[in-house]
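S.K.: Got a sequence here, can you model it:
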Amino acid sequence: MTDQHHELFEFGAFSLNPREPVLYQAGQPVTLTPKVFELLKLLLENSGQILEKDRLMEQLWPDAVVEESSLTQLVFQLRKTLGESGARQQYIETVPRRGYRFIAEVRLSQRGTDEITLTSRTGTHIVIEEEELPVMPTNTAPPLVAAPTRTHKHLWLALAAVLLVAATGFGVWRYFTGRNRPTAFTNFSQRKLTASGKAFHPAVSPDGKWVAYVFEDAGKHGVWVRQAETTERIQIVPATEQDIIGLTFSPDGQFVYYVVRPKGEAVATLYQISTIGGTPRKVLSDLDTAVTFAPDGKRFAFLRNVQQTNETMLMTANADGTQPQPLAVRKRPNGFLLRGPSWSPDGKTIACSARQMNEKESFAHIVTVNVTDGKITPLGATKWTMTGQTAWLNDGSGLVVTAWHQTSPVFADQLWLLSWPQG
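M.R.: Numbering: from 1, shown residues only. Down below sits the predicted model:
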């Protein structure tokens, strides 16, 4: 062996050198097939992020058309190698109807190829609804709201921006004892707007009177708009077999911007349509999240994933889709997480979810980007296993974030309130 140093991904008792298809378990090599190696590498490089099935198949089989069953079999083989089952998802989470996500803690280390040190852990666990979960440490601040099961986690990711759609049975904690914390939500209430279990990516109009959401039925996605105070609703985008991955109201509330990604393709397109329906207008191509508008409505921001350079970019563009340009760039594994960014009410800052990985730890957190110079600054010191959607309070005093930590007794995303600028 040489003493050349390589970057290693470490998780649990495993270690992977991304340059060679060998997985180490407790110091012993475990040979992987090339496809299983590629799958594990993709999951580790995007730890904490949902990898859509179509995008996984495209990256794993770029020159062939394969059935979804091929990906399912590949995930099964990887789970078998890691010693987990679909019922007890310790490493790979299945996100129903969407894809997969690596949920175990991942550490990035620089080690010589002839010297691999692995760390083993033990912990205390409790069982909730037949799922084994770790106990939350006492120094973890309670969140605002917790979703009841991880099965519905993909529905909850967008609720930080909505704060209006909620399922029954959620717990609410007081989180307002700190001196520098915002005083929002002191009179917090929840109301269920849909009960089908098929509503995704909700968005609320600036005046709070209308809610737009994606409705999935029989594998097809359509966009509906309904009044927040009544049951009246209309369908503004007919059901399509393409994936609709994000919604945003225009600042004046007259239009809905929605992002469409054809199945099996990596490039998504932004469209604009009137809130009462009509003919959609193509605005922009090549984006990976919903957009967020500047307060004056003249520009919007979004995230773009660049696979060729292994980078994630926070982009801005004019409201008509012209002049897209990068504002900030992060290289994976320390990239922006592909969740919707949020532009501050004063127009000076954009908040995003991001991942940070080093030889000691891997975590998700919230960062802010200065609109003038693109400077990236972590917001506060809180670290989570996963972070999702961000949304500024109207007065700019803080942000609401969807996030989850693997030590939480609730196996689902929770709503957190971060003060600004302290975090």
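
S.K.: and Ile276, what does it touch?
M.R.: By Cβ atoms under 8 Å, 6 or more residues apart in numbering, the residues touching Ile276 are Val225, Ile234, Ile236. (C-beta placed from N, C-alpha, C; glycine too.)

S.K.: Show the contacting residues for the second one.
M.R.: If you count contacts by Cβ under 8 Å, 6+ apart, Ile234 has them with Trp224, Val225, Arg226, Ile276, Gly277.

S.K.: Filter those down to the buried ones and hand me the ChimeraX line.
M.R.: Restricted to buried positions by 16 or more other Cβ atoms under 10 Å, the ChimeraX selection for those reads:
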select :224,225,226
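
S.K.: By pLDDT, give me the weakest of the contacts of Ile234.
M.R.: When the contacts of Ile234 are compared by pLDDT, Ile276 scores lowest at 86.

S.K.: just checking, it is part of a helix?
M.R.: No - applying DSSP: H, G, I helix; E, B strand; the rest coil, one finds Ile276 to be coil, outside a helix.

S.K.: Please report how far the nearest residue to Ser274 once chain neighbours are set aside lies from Leu8.
M.R.: Using Cβ to Cβ, 6 or more residues apart in numbering and skipping residues adjacent in sequence, the residue nearest Ser274 is Phe255, 6.0 Å away. Distance of Phe255 to Leu8, computed by Cβ to Cβ, to the nearest Å: 48 Å.

S.K.: And the two? Which one has more around it.
M.R.: Leu8 (23 against 20; other Cβ atoms under 10 Å).

S.K.: for the more buried one, which residues make a bridge with it?
M.R.: Counting by DSSP bridges, Leu8 forms beta bridges with Ser109.

S.K.: Need the pLDDT of it.
M.R.: Note on Leu8: pLDDT of 82.

S.K.: Could you double-check that it sits in contact with Leu108?
M.R.: Yes - using Cβ atoms under 8 Å, Leu8 and Leu108 qualify as a contacting pair, with a distance of 7.3 Å.

S.K.: now the strands for the stretch 251-400 of the chain?
M.R.: 255-261, 268-274, 281-287, 292-293, 299-306, 311-318, 325-331, 342-343, 349-357, 362-370, 376-378, 386-392, 398-404 (DSSP state E, counting those that start in this stretch).

S.K.: Show me what the fifth one is packed against.
M.R.: On a contact count with 3 or more Cβ pairs under 8 Å, 6 or more residues apart in numbering; DSSP states H and E, strand 299-306 meets strand 281-287, strand 292-293, strand 311-318.

S.K.: Lowest average confidence across helices and strands of this protein, where is it?
M.R.: Ranked by mean pLDDT, DSSP states H and E, the weakest helix or strand in the chain is strand 125-128, scoring a mean of 22.

S.K.: Minimum distance to Thr81: which of the strands of the stretch 251-400 of the chain has it?
M.R.: Comparison of the strands of the stretch 251-400 of the chain against Thr81 by Cβ to Cβ identifies strand 362-370 as nearest, at 20.5 Å.

S.K.: Can you pull out the low-pLDDT segments for this structure?
M.R.: 1-6, 85-88, 110-183, 410-411 (pLDDT under 70).

S.K.: Give the bridge partners for the nearest residue to Phe336 once chain neighbours are set aside, please.
M.R.: Spatial nearest neighbour of Phe336, chain neighbours left out: Thr312 (4.2 Å); criterion: Cβ to Cβ, 6+ apart. Taking DSSP bridges as the rule, Thr312 bridges to Asn305, Arg330.

S.K.: quick one on the thing from earlier: inside strands: which ones of the contacts of Ile276?
M.R.: Judged by DSSP state E, the subset of the contacts of Ile276 located in strands is Val225, Ile234, Ile236.

S.K.: doesn't Val225 make contact with the last one?
M.R.: Yes - with contacts defined as Cβ under 8 Å, Ile236 counts as touching Val225 at a distance of 5.5 Å.

S.K.: Where does the residue lying closest to Val401 once chain neighbours are set aside sit, in terms of helix or strand?
M.R.: In space, and not counting its chain neighbours, Val401 is closest to Trp416: 4.8 Å by Cβ to Cβ, 6+ apart. Element membership of Trp416, judged by DSSP states H and E, is strand 414-419.

S.K.: Would you list the strands that that strand pairs with, along with their directions?
M.R.: Using DSSP bridges, strand 414-419 pairs in its sheet with strand 145-146 (antiparallel), strand 398-404 (antiparallel).

S.K.: Looking at those strands, which one is packed in the most?
M.R.: Most buried of the strands paired with strand 414-419, by mean neighbour count (mean count of other Cβ atoms under 10 Å): strand 398-404, with a mean of 26.
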